[in-house]
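Chemist: Structural data only, the sequence is not supplied:
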């Protein structure tokens, strides 16, 4: 079984991916993790990726997909797979579809977590981080007791540059531009798209995901 988890920044994709793999006992694949592991272990593919990254260039899709293929080849065929945030573009999706049959797999469903832009902006731009305790707050949904100060350390909270509202809206625009063709590709018949309201609470989203996977793919509830 192969499920792709898609969604814009701030929709809770990473959190749901981890929770889903833990509850199902599946393997979660995030290409960033594969890249870091390959570099750390000094594999042939990792060294090729290092050359691009050290030069400040993007790692080509072909190399990333080959890392995915190599990783899948080392897994038991009975293990379910959740791709977290990959593929991100239409060319990546097409490349993945060419690779999967070679390891005895296919994309069975695409879980698309969705939320209104204003909700996503608040989730991301509202983040404040304590650099001493590591705790993360949200001024809209989980504020500290004293504005601007960490409950645990008392230190001043930091609003990171990539969490600024203008930056967040740009990231969401880029996501939409890249993902729209990808969604259309799967909607055309490549795999069923299962849309889930990502604006609900974490546990509610988790239960909805389990429900749609159970009804669509026949998983045990």
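Modeler: Happy to help now that I have it. Just so you know, these numbers come straight off a predicted model, no measurement behind them.
Chemist: All the strands of the protein, in order from the start?
Modeler: Counting by DSSP state E, residue ranges of the strands within the chain are 2-6, 27-29, 81-84, 109-114, 127-129, 136-138, 193-197.
Chemist: Pull up the pairing partners for the first one, direction included.
Modeler: Right, strand 2-6. strand 81-84 (parallel), strand 109-114 (parallel) (DSSP bridges).
Chemist: Looking at those, spot the one closest to residue 8.
Modeler: When the strands paired with strand 2-6 are compared by Cβ to Cβ, strand 109-114 sits nearest residue 8, at 7.8 Å. In short, each C-beta sits where N, CA and C put it, glycine included.
Chemist: what does that closest one rub up against?
Modeler: 3-8, 11-13, 16, 183, 186, 191-199, 205, 209, 212-213, 216-217 (Cβ atoms under 8 Å, 6 or more residues apart in numbering).
Chemist: Weed out the non-buried ones from those residues.
Modeler: 3-8, 11-13, 16, 183, 186, 191, 193-194, 196, 198-199, 205, 209, 212-213 (16 or more other Cβ atoms under 10 Å).
Chemist: Kindly list the longest helix within the chain.
Modeler: helix 165-185 (DSSP state H).
Chemist: Could you dump the strands of the chain into a markdown table with distance to residue 53 and mean pLDDT added?
Modeler: Formatted as a markdown table, the strands of the chain follow (distance: least, Cβ to Cβ, whole Å; pLDDT from 0 to 100):
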| stretch | distance to residue 53 | mean pLDDT |
| --- | --- | --- |
| strand 2-6 | 24 | 95 |
| strand 27-29 | 19 | 93 |
| strand 81-84 | 20 | 94 |
| strand 109-114 | 28 | 95 |
| strand 127-129 | 25 | 97 |
| strand 136-138 | 27 | 96 |
| strand 193-197 | 32 | 95 |
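Chemist: I'd like the ones you listed laid out as JSON lines, including distance to residue 49.
Modeler: Compiled in JSON lines, the strands of the chain are given as follows (distance: least, Cβ to Cβ, whole Å):
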{"stretch": "strand 2-6", "distance to residue 49": "22"}
{"stretch": "strand 27-29", "distance to residue 49": "16"}
{"stretch": "strand 81-84", "distance to residue 49": "18"}
{"stretch": "strand 109-114", "distance to residue 49": "26"}
{"stretch": "strand 127-129", "distance to residue 49": "29"}
{"stretch": "strand 136-138", "distance to residue 49": "29"}
{"stretch": "strand 193-197", "distance to residue 49": "30"}
